[in-house]
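**Student:** here's my sequence, what's the structure:
(chains A and B)
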Amino acid sequence: MAVSVDTVYQTVLALANKEQRGYITPQEFNLFANQAQMEIFEQYFYDLSQFKRVLSNDDPISDVESILQEKIDLFEASQTLDDQNPQQPDTHDSLYPADHYRTIAMFARSDGGGNAGIQKLTRKEYQLVANSPLLKPNVDTPVYTSDWQNNRFIVFPNLKTTNSTVSTVALYYVRKPKAPKWTYVVVEAVALWNPDADDKQDFELHSSEQTTLVIKILKLAGVSIKDYNLASAAGQEDIKIIQQKKS
Amino acid sequence: MGLLNGTDNSYYNTSSEHGEYQFTSLEDIVNQFMFVYVGEDKVITKVNKLEVGFHAQRALAEMSFDVFKSIKAQQIEIPPSLTMILPRDYVNYTKLSWVDSAGIKHRLYPTSDNSNPFQVLQNDDGSYEFPSNENLFANSDFTSGLDEWTISAQTVNPAAKGGVLTSIKVNSLAANPAVNFQTHAYHEDFGAYGFCTYIYQQVDASELENVSFKANATTTASSSITITAGEAAASINSNHSQAGTFTKPGSTVRVGLSSQAPSEEISMNDYTANGITHYTATTNANPSYFDLGYIEWTQGETGEKTYDQGFVDLSNIDGPIYLVAMSIIDHVDSGVTGYGNSLLFDTATVDDISIFSSTTKKSLSEVNPGLSSTFSSYNAGSPSENNNVNDYENNIYWPNQGERYGLDPQRAQVNGSFYIDDRQGKINFSSNISGKTVILDYISDSLGTDGEMQVHKFAEEAMYKAITYGVLSTKSNIPEMIVRRAKKEKFASTRQAKLRLSSIKLGEITQILRGKSKQIKH
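**Tutor:** Residues are numbered from 1 along each chain as shown, chains lettered A, B, ... in the order given. This is a model prediction of the structure:
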């Protein structure tokens, strides 16, 4: 499913016409590759929001919303989270996973297999609901607030201490794509592709994104090597792809 | 797809499941609502589950008042005070009745001719009295036993280890009742065991400035006691009682004021386990617990003592304070095992605790808290009702036969009357109900406990519609047409639910209507 980092690099070098316009080093390529991947990845969420507002159809291979959702699904992950501050019995205090990008949902898992959704509240909202008898978070309607400064979240109440049937707090989230890396060995001053390196990393995006990746990297490379014809051509191609996708 | 879980065998053998299928839990309703009613391409595109939970609880409460069957009821024997405390989850009554010996309920009717107002304390000239030097705590002389006092937990060991180790009692029949603390502190192989038991009352200190207090107490001094072989054999558990000479530790009493309620821990244990010595003495035993002041009697001291540090300044305290009387009977390291012998108890007594404010009270005082002379008169009255109504052979039981013309219909009944004193949270009854069995049928909002939060399946659709309307009507940018549609659906489904839950059966109605052709009705 992944896009080969070597295929993209070789295509970029070929299109950039390295002999005349300038060589794109592996280090530069790796930086551009990550930038392009993140740009495409972040755009998924805005595109999905846009396509949720228009009529969709029941055919998953032509319904844009389903296509986008499938691309995001590649990055869905889940993790059970331990209480980092067990001395505080009223709350469940956990760190977000290091590769956390966006939260999908949080659940309290019971021993019996049931899942209770944990709702997200802002700190201001929490202060309001905590003092309301009908809204006060309890084991059936737990809530959490985020503390992004410390990369953590706090669940109220502490489900493990207030409800013995709850065994874990589980976070479902969209993880960050891993940064692509074209690995190489230098032979006679030439960088040669080394696919066996431990830190080799292909693009994690859906394979349909190969063309978009090449175009976006070319655009960045054009700016870098000050070849505005290249940047302009890549930019126009990029716009054409976007228009095609959204029309 | 079937909804039934478990087997017939488990259902018929589990009483808590009987009839359960007719209900759906509120939690299930909220979860199902979140999936089916909320999302893209739906009427409600986005809503927080907490909000849905709120509207679900509101809908449940409203339907408990108007739609659901009233199933809650309490039965009590009416005490001489002629009052019944309103149930904890009471919202309103549906019927009050007394029950005769045949088990037939006789409806009681509310009266508007009586009440139990706040009877203002007045001076002889009629002006309002704002007393000073008023005793701030109720039942401080223990004439009503331990009423109004909160009592600490007690320690009761298995019989093999001595049984009751601590007790707090008042002999209300005594000429001058006092609270008696009794504790068996002892020492055994693993360690030594002492106890700090207490009673306390709470009072709002926001109006108080300077107070002083005094009390009367007795304590016992440390002493030796010789248990004979005969006494040891006759003790609670002869297996663990030994003959010999034992040291009794004596007792200490502290009476004082604290800004904190006492800890529930009463033990002053000193024991060794796995070579480690543990000491878990309750913080109450530390004199610093009485942060506002205390008086102490110890090792045989007796008699009345007054707080000798002047007045306790409460002007900076805005919340409650606690008057605590505690007995401290700690272990002694006598090195012998003697538990199980009732002769080894130490005792302490406390009586006549008085707390006086040196300043004039700022708010109005009541003559008898919770009991006005109006209500006392209502209590003492002798209504003329004839209560021989369970003579079902005699249909002329009304008093003053032939004199009933012109009676006010609301008073033309013999069953008795009541009124609800919302200020005190009690139901007051007319005196002819004294000693009778009374049943209160009432409604609650079904939000008291998790177990109550369930909806009859006849009303499940009405719940969804009510939540939908609740959510839509509080959101902005929802077309009014949609809100109105939701409102109509809510009312229609609520009406339908009420009709269904009325449980009108054709056969039963037919039976009732058969009576309409009778010329003479009984």
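**Student:** what number of residues lie near residue 4?
**Tutor:** Chain wasn't specified; assuming chain A. Residue A:4: 16 surrounding residues under other C-beta atoms under 10 Å in any protein chain shown. Any C-beta I mention is one placed from the backbone N, CA and C, and that applies to glycine too.
**Student:** that's the wrong chain, I wanted chain B
**Tutor:** Residue B:4: 8 neighbours (other C-beta under 10 Å).
**Student:** pLDDT score for it?
**Tutor:** pLDDT for residue B:4: 83.
**Student:** contact partners for it?
**Tutor:** Applying C-beta atoms under 8 Å, 6 or more residues apart in numbering or on different chains to residue B:4 gives the contacts residue B:21.
**Student:** swap in residue B:325?
**Tutor:** With contact taken as C-beta under 8 Å, 6+ apart, residue B:325 is in contact with B:179, B:198, B:199, B:200, B:215, B:253, B:254, B:255, B:350, B:353.
**Student:** let's go with 6 Å and repeat that
**Tutor:** Going by C-beta atoms under 6 Å, 6 or more residues apart in numbering or on different chains, residue B:325 touches B:199, B:255, B:350.
**Student:** enumerate the beta-bridge partners assigned to the first one.
**Tutor:** Looking back up the chat, that one is residue B:199. residue B:151, residue B:325 (DSSP bridges).
**Student:** swap in the second one?
**Tutor:** The partner list for residue B:255 in beta bridges (DSSP bridges) reads residue B:295, residue B:325.
**Student:** and it, how many neighbours?
**Tutor:** By other C-beta under 10 Å, neighbour count at residue B:255 equals 25.
**Student:** one more: the first one?
**Tutor:** The criterion is other C-beta under 10 Å. On that basis, residue B:199 has 23 neighbouring residues.
**Student:** touching, it and residue B:149? I think so.
**Tutor:** Yes: counting by C-beta atoms under 6 Å, residue B:199 does reach residue B:149; the two are 4.4 Å apart.
**Student:** list the contacts for the most centrally placed residue in chain A?
**Tutor:** Among the residues of chain A, the one closest to the centroid is residue A:176, at 3.6 Å (C-alpha atoms, centre = their mean). Counting by C-beta under 6 Å, 6+ apart, residue A:176 touches A:99, A:101.
**Student:** about what we covered before: closest to chain A among the contacts of residue B:325?
**Tutor:** residue B:199 (29.7 Å; C-beta to the nearest C-beta).
**Student:** residue contacts, the closest one?
**Tutor:** Applying C-beta under 6 Å, 6+ apart, the residues near residue B:199 are B:149, B:151, B:325.
**Student:** between those residues, which is nearest residue A:104?
**Tutor:** Taking C-beta to C-beta as the measure, residue A:104 lies nearest residue B:151 of the contacts of residue B:199, at 53.1 Å.
**Student:** for chain A, see how far away that closest one is.
**Tutor:** Residue B:151 sits at a distance of 28 Å from chain A (criterion: C-beta to the nearest C-beta, to the nearest Å).
**Student:** so for that residue, what's the pLDDT?
**Tutor:** In this model, residue B:151 carries a pLDDT of 89.
**Student:** for residue B:384, same thing?
**Tutor:** Confidence score, pLDDT, at residue B:384: 54.
**Student:** OK, contacts around residue A:201?
**Tutor:** Neighbouring residues of residue A:201 by C-beta under 6 Å, 6+ apart: A:178, A:180, A:181.
**Student:** residue B:8 versus that one, what's the distance?
**Tutor:** 59 Å (C-beta to C-beta, to the nearest Å).
**Student:** sorry, back to before: need the contacts of residue A:201 in CSV (columns: neighbour count, pLDDT and distance to residue B:305).
**Tutor:** CSV is the format used below for the contacts of residue A:201 (neighbours: other C-beta atoms under 10 Å in any protein chain shown; pLDDT from 0 to 100; distance: C-beta to C-beta, whole Å):
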residue, neighbour count, pLDDT, distance to residue B:305
A:178, 15, 94, 78
A:180, 26, 94, 85
A:181, 17, 94, 84
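**Student:** between these, which sits nearest residue B:125?
**Tutor:** For the contacts of residue A:201, the nearest to residue B:125 is residue A:178 (91.0 Å; C-beta to C-beta).
**Student:** give the contact list for that closest one.
**Tutor:** Applying C-beta under 6 Å, 6+ apart, we find residue A:178 in contact with A:201, A:204.
**Student:** find the helix or strand that residue A:30 is a member of.
**Tutor:** According to DSSP states H and E, residue A:30 maps onto helix A:26-52.
**Student:** name the helices or strands packed onto that helix?
**Tutor:** Packed against helix A:26-52 by the contact rule (3 or more C-beta pairs under 6 Å, 6 or more residues apart in numbering or on different chains; DSSP states H and E) you find helix A:64-73, helix A:210-224.
**Student:** continuing past the last one, what's the next helix or strand?
**Tutor:** Looking back up the chat, that one is helix A:210-224. Once helix A:210-224 ends, the next helix or strand along the chain (criterion: DSSP H and E) is helix A:228-246.
**Student:** perfect, that will be all.
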